[in-house]
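[1] Build the 3D model from these lines:
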Amino acid sequence: MYRNKEKLVLLLDVGPSMHGVLDDVETLCSMLVEKKLIYNKNDEVGVVTFGTQGTSNDLKKEVGGYNNIIALQDLKIVDGYLVDILQNLPRGTVNGDFLDAIIVGMDMLIKKYKDLYKGKKRLCLITNAIHPIKDSLEGTKEDQVRTIAARMAEQGMKMESIVVRGRLSQDADKRVMVENDCLLSIFSEKTRTRTVYVDSPTSLLGALKTRRITPVTVYRGFLELSPHMKIKVWVYKKTQEEKFPTLKRYSGRAPKTSKSATHQVKVDFEYKSVAEFNKAVPPEQRVKAYRYGPHVVPISNVELDAVKFKPEKGPDSFYFNALPFVEDIREYQFPSFNSFPASCQPNEQQQQAADELVQRLTLAPSGKEESLLPEFTPNPVLERFYHHLDLRSKQPDAAVPPINETLKRITELDPELFSENKSVIDAFNKLFEIKENPKLKKSVRRVLREKSSGSDEDGNADQIDAEVVNAIEEPHGAMIAEAVNAIEEPHRAQVAEAINAIEEPQRAQVEKVGDLTPVHDFEVLMARRDSPDWVVKAIKEMRNLILQLLMKSHEGDNYIKAVECIAALRKGCILEQEPGPYNNLMRYLKQFCMKKENISFLQLLASRKLNLVSKSEAEDSDATDEEVRSFFG
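    Residues are numbered from 1 along each chain as shown. Below is the predicted model:
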């Protein structure tokens, strides 16, 4: 509707003192338009830059003055070309006047919409406000600002001021900064103006609210304090998770020249019986079911109606309890070192170094503002998604762009924080010796059996001893480690039998791959050597379980468990040099996911690098190098 369309003018300071953050200003404004293209595609945006050498605006032509201000883009409906303009802002050479820029922006809105009050008219000023504005011809600067603010309120305009300071303003004139802050505060008092001060590139990206979200009440009613006193209350959500936009399916089968083609894809669902897969189940025979752990419990509509709570209308059962949000709780629980042996306990010097490292790398140091405040930190995944979507709209085969450097500061260690605390990090590293753990992908039994058969040369004895120790599973590793090193060669087989006696009672309890602890059951069955049938049984049952998890998955709730099972199956097949079952399963899963348009599960497998087993991993693999490289596209 027309009243929901926003008319926004961006007032951007591009003077020399802003050059250090203009890249981030470009990113911020581009993200704003990219989101509008998805959620508010009928909004109109104009761009005004000030601090430029040249001048180009209507007020300059009509009344004179208003120098070093360029109307870079008149108000127009958002499109991809506007994103390109905002990603290539000019670099000015003079100090701009933000008050003149505000007047030019107001003039653009007034001329285009005149006295229309429908819709939303807004100005967004981004500057560091460290340079003085010129004196007024009549009255003081404060009087001039009050006059402008009154005109802004008369036209029903809002303004948002983002003042970028931080290190950029260290050498600025403090008197000028205080004066400008007072002038901006007048706008806040007289009009609907929001002023935000930011001091880092990451907080700048989160300072401008790129989406307008109308608050919705979750409760409207009365808070009854006594039989004779009630207070009408409306309850709103304080925070809500921002989710990915819902992307509609698009069909390219209709002729591009057809004007009546909607290109919409209609999806029909058909329910079939597990017992008779080819037989469709009519609606009257369907029953809702709910998951309870690994089980699915059917509940009919009659049962639902019987247990449904049917309260009478009124505020009698209203209870309000404000709970803390997750950002209000900062408790980090770590396991104690007391459970480790004495040789693994840190000494006092190591403990002090660890405490110092944690204190110096905190995001909320004493005396300073906390870094990455939730209200000023954008979601890097969503922002990258919007940017990639904009690129794909212009170039369908565009690759995923690299993550923005400022967004990277949110997901990775801040290089400035690292350099400031390099001495503390180096001191921590000196106190802890780091060793590589050459852990073999073999069981203790197999390593000892190979040693007892004399298949290893004497020169590799020390290496194999280490492999034996590393292969021993907890909690028996600490008990056996020293004993293995002291064992003479003729007695290796006896040690293997002893270890087998320790582990066998636990393994004997597992007879199949269950759905509660499938990875553990699979590993136990694969390690059994009393019969070769256990390996075949374990692989077959794990394969069937993976397929069941995918078939019964509801909105991806079984994906993580299925991926863990696939990872265990891959590892087991490589250890046994039996890559065939795993590769065949992966090929089937790919076909199944492509048929069901389930690309998310394939992407999850690719992120975990669960590719086909190549010949370099198992000589009997039938997967060519080309197939392995192109398996996930």
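[2] for stretch 373-392, the distance to its chain's centre please.
    For stretch 373-392, the separation from the chain centroid amounts to 9 Å (computed by Cα atoms, centre = their mean, to the nearest Å).
[3] buried set for that stretch?
    For stretch 373-392, the buried set under the neighbour-count rule, 16 or more other Cβ atoms under 10 Å, comprises 373, 376-378, 380, 383-387, 389-391. Heads up, the C-betas are built off the backbone N, CA and C, glycines and all.
[4] do the same with stretch 610-627
    For stretch 610-627, a neighbour-count test (16+ other Cβ under 10 Å) marks 610, 611, 612, 613, 614, 617, 618, 621, 623 as buried.
[5] returning to what we had before: from the buried residues of stretch 373-392, which land in helices?
    Members of the buried residues of stretch 373-392 lying in helices (criterion: DSSP state H): 380, 383, 384, 385, 386, 387, 389, 390, 391.
[6] quick one, phi psi at the closest residue to the last one other than its chain neighbours?
    When you say that, I think you mean residue 391. Excluding the flanking residues, the one nearest residue 391 by Cβ to Cβ, 6 or more residues apart in numbering is residue 398, at 4.3 Å. Torsion angles at residue 398 (phi, psi; degrees, to the nearest 10) stand at phi -70, psi 140.
[7] Contacts only, for residue 398.
    Under the criterion of Cβ atoms under 8 Å, 6 or more residues apart in numbering, the contact partners of residue 398 comprise 388, 391, 392.
[8] Could you check how far the second one is from residue 35?
    Right, residue 391. In this structure, residue 391 lies at 15 Å from residue 35, with Cβ to Cβ, to the nearest Å as the measure.
[9] The first one too?
    Between residue 388 and residue 35 the distance is 13 Å, computed by Cβ to Cβ.
[10] again, but for residue 600
    Distance, residue 600 to residue 35, using Cβ to Cβ: 23 Å.
[11] and what of residue 589?
    Where residue 35 is concerned, residue 589 sits at a distance of 35 Å (Cβ to Cβ).
[12] What of residue 513?
    Taking Cβ to Cβ, one finds residue 513 at 47 Å from residue 35.
[13] What of residue 87?
    Distance of residue 87 to residue 35, given as Cβ to Cβ: 15 Å.
[14] In terms of neighbours, single out the busier of these two.
    Neighbour totals were compared for residue 87 and residue 35, and residue 35 leads with 21 against 15 (other Cβ atoms under 10 Å).
[15] Determine which residue lies closest to the centroid of this protein.
    Using Cα atoms, centre = their mean, the residue of the chain that lies closest to the mean C-alpha position is residue 381, 4.3 Å off.
[16] Could you say which helix or strand holds residue 568?
    Counting by DSSP states H and E, the element that carries residue 568 is helix 559-575.
[17] now swap in residue 75 and tell me
    With DSSP H and E as criterion, residue 75 is part of strand 69-77.
[18] Buried residues in the next helix or strand after that strand, which are they?
    Proceeding N to C from strand 69-77, the next assigned helix or strand is helix 80-86, under DSSP H and E. Of the residues in helix 80-86, 82, 83, 85, 86 count as buried by neighbour count, 16+ other Cβ under 10 Å.
[19] Give me the number of neighbouring residues for the closest residue to residue 235 other than its chain neighbours.
    Counting by Cβ to Cβ, 6+ apart, residue 235 lies nearest to residue 219, which is 4.1 Å off, once chain neighbours are set aside. Residue 219 sits with 11 neighbouring residues when counted by other Cβ under 10 Å.
[20] For residue 219, which three-state class applies?
    strand (DSSP: H, G, I helix; E, B strand; the rest coil).
[21] now it: how far from residue 310?
    18 Å.
[22] Which element, helix or strand, includes residue 150?
    Following DSSP H and E, one finds residue 150 within helix 141-154.
[23] Oops, could you answer that again for residue 583 instead?
    When secondary structure is defined using DSSP H and E, the element that contains residue 583 is helix 579-595.
[24] cool, residue 302 as well?
    Judged by DSSP H and E, residue 302 forms part of helix 301-307.
[25] Let me know the next secondary structure element after that helix.
    Taking DSSP H and E as the definition, the helix or strand that follows helix 301-307 towards the C-terminus is helix 348-360.
[26] before we move on, the earlier item: make TSV out of the contacts of residue 398 and add distance to residue 265 and pLDDT.
    Written out in TSV, the entries for the contacts of residue 398 read as follows (distance: Cβ to Cβ, whole Å; pLDDT from 0 to 100):
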residue	distance to residue 265	pLDDT
388	22	88
391	23	88
392	18	87
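[27] Now do the closest residue to residue 194 other than its chain neighbours, the pLDDT please.
    Taking Cβ to Cβ, 6+ apart, and ignoring the residues beside it in sequence, residue 194 has residue 160 as its nearest neighbour in space, at 5.0 Å. Listed pLDDT for residue 160 reads 91.
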